[in-house]
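[1] Curious how this folds, go ahead:
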Amino acid sequence: MKSLKKKSLKQYILSSIGELILIIVGILIAMSINNWNQNRISLNQANSYIEKIKKDLVIDTTFFHYAIKRIDVKVDYKKSLFNPDSLAKFSTSQIQGILTSGTNNISINNNAYKKIVASGIVTLSEKKFLFEKLDAYYSVFNNYLDEFNKWEEKSVDKDLNFWVYQNHYEIEYFDSIPQVKNVEENRKDFLKIVTSREGKNYINMSILREETMKDIYSKTRDGAKKLIKRIDSIQK
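    A predicted model of the protein is given here:
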């Protein structure tokens with residue numbers, strides 16, 4: 001009788017252990033399926049963001065491409081001011097426009113990248129290598145551009161201070177009102193500043209600034225192009 005009870009108890013314990021193991025295995029399988037589903041959802045979300053980032057990069061390369069072309073045109077015009085024959089062909093207002101052409105001030109569009117960082121899916125192992133490259137591009141070039149854009153703004157303000165606010169001549173922008181009283185005398189005073197040593201130095205520094213910004217934009221554009229190629233190779 002005792003033997004039967006012991007046997008029954010043993011069977012009960014083994015059965016309970018077996019059921020417990022089945023429950024644990026079931027939980028582990030359910031967790032695994034849930035993790036797989038969650039990972040699949042995260043991957044789909046990541047791919048969607050990556051496509052948006054690619055669109056941002058394509059737009060950026062276009063902006064930088066045209067910014068570089070504009071800089072080339074501005075540099076050519078500024079260099080022509082050292083040539084007396086070219087200088088004579090420009091009106092006073094045209095020369096003033098060349099000298100005070102303003103900032104380029106181009107920045108990276110990082111809206112899609114900010115969203116992917118905020119979502120937390122940058123930790124996905126499947127996309128780790130790409131995310132590292134994206135992070136390097138956005139963190140480095142964003143800071144890079146920000147610093148040089150600030151430098152450009154200060155330089156342009158300095159130029160405006162010299163060419164516009166020194167009051168050695170009257171500004172003739174866009175058929176300014178009131179009209180300049182003595183156009184010929186005003187132009188003579190203006191060209192005297194343009195062809196002076198100080199004026200030439202300002203023009204030279206302006207050209208150097210434009211070429212520096214062109215170099216920055218070229219590097220950023222090339223970085224964006226490399227990222228686009230990397231995205232295309234990984235996403236296929």
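[2] I'd like the distance from stretch 200-218 to the chain centre, please.
    Taking C-alpha atoms, centre = their mean, to the nearest Å, one finds the center of stretch 200-218 at 20 Å from the center of the full chain.
[3] chain center to stretch 81-101: distance?
    Counting by C-alpha atoms, centre = their mean, stretch 81-101 is centred 33 Å from the centre of its parent chain.
[4] Also stretch 95-108?
    Mean C-alpha position of stretch 95-108 versus that of the full chain (C-alpha atoms, centre = their mean) differs by 19 Å.
[5] now that stretch: mean pLDDT?
    For stretch 95-108, mean pLDDT rounds to 90.
[6] count of neighbours near Asn142?
    By other C-beta atoms under 10 Å, the residues close to Asn142 number 15. Heads up, the C-betas are built off the backbone N, CA and C, glycines and all.
[7] Sorry, wrong one. I was asking about Glu211.
    Glu211 sits with 13 neighbouring residues when counted by other C-beta under 10 Å.
[8] What sits closest to it if chain neighbours are left out?
    Of all residues not flanking Glu211 in the chain, Val75 sits nearest, at 6.5 Å (C-beta to C-beta, 6 or more residues apart in numbering).
[9] try Ile193
    Here the nearest residue to Ile193 in space, its sequence neighbours aside, is Gly199; by C-beta to C-beta, 6+ apart that works out to 4.9 Å.
[10] Which strands or helices does whatever helix or strand that neighbour lives in pack on?
    Gly199 is part of helix 197-235, with elements assigned from DSSP states H and E. With contacts defined as 3 or more C-beta pairs under 8 Å, 6 or more residues apart in numbering; DSSP states H and E, the packing partners of helix 197-235 are helix 2-80, helix 92-99, helix 128-163, helix 183-194.
[11] Which pLDDT value belongs to the residue nearest to Glu211?
    Each residue has a pLDDT score; the one for Val75 is 97.
[12] Over to the one 5 residues further on?
    pLDDT recorded at Ser80 is 96.
[13] Just list the residues touching it, thanks.
    Listed by C-beta atoms under 8 Å, 6 or more residues apart in numbering, the contact set of Ser80 reads 86-87.
[14] what about the protein, any weak spots by pLDDT?
    Counting by pLDDT under 70, the chain shows low-confidence ranges at 1-39, 41-42, 173-178, 235-236.
[15] make it 80
    Across the chain, the stretches falling below the confidence threshold (pLDDT under 80) are 1-46, 120-127, 172-181, 234-236.
[16] now the spatially most central residue of it: how far from Gly120?
    Averaging the C-alpha coordinates of the chain gives a centre point, and the residue nearest to it by C-alpha atoms, centre = their mean is Ile108 (1.6 Å). Between Ile108 and Gly120 the computed distance is 22 Å (C-beta to C-beta, to the nearest Å).
[17] and Asp157, how many neighbours?
    Using other C-beta under 10 Å: Asp157 sits among 11 other residues.
[18] how deep is the residue nearest to Glu211 tucked in, by neighbour count?
    The number of residues packed around Val75, counting by other C-beta under 10 Å, is 17.
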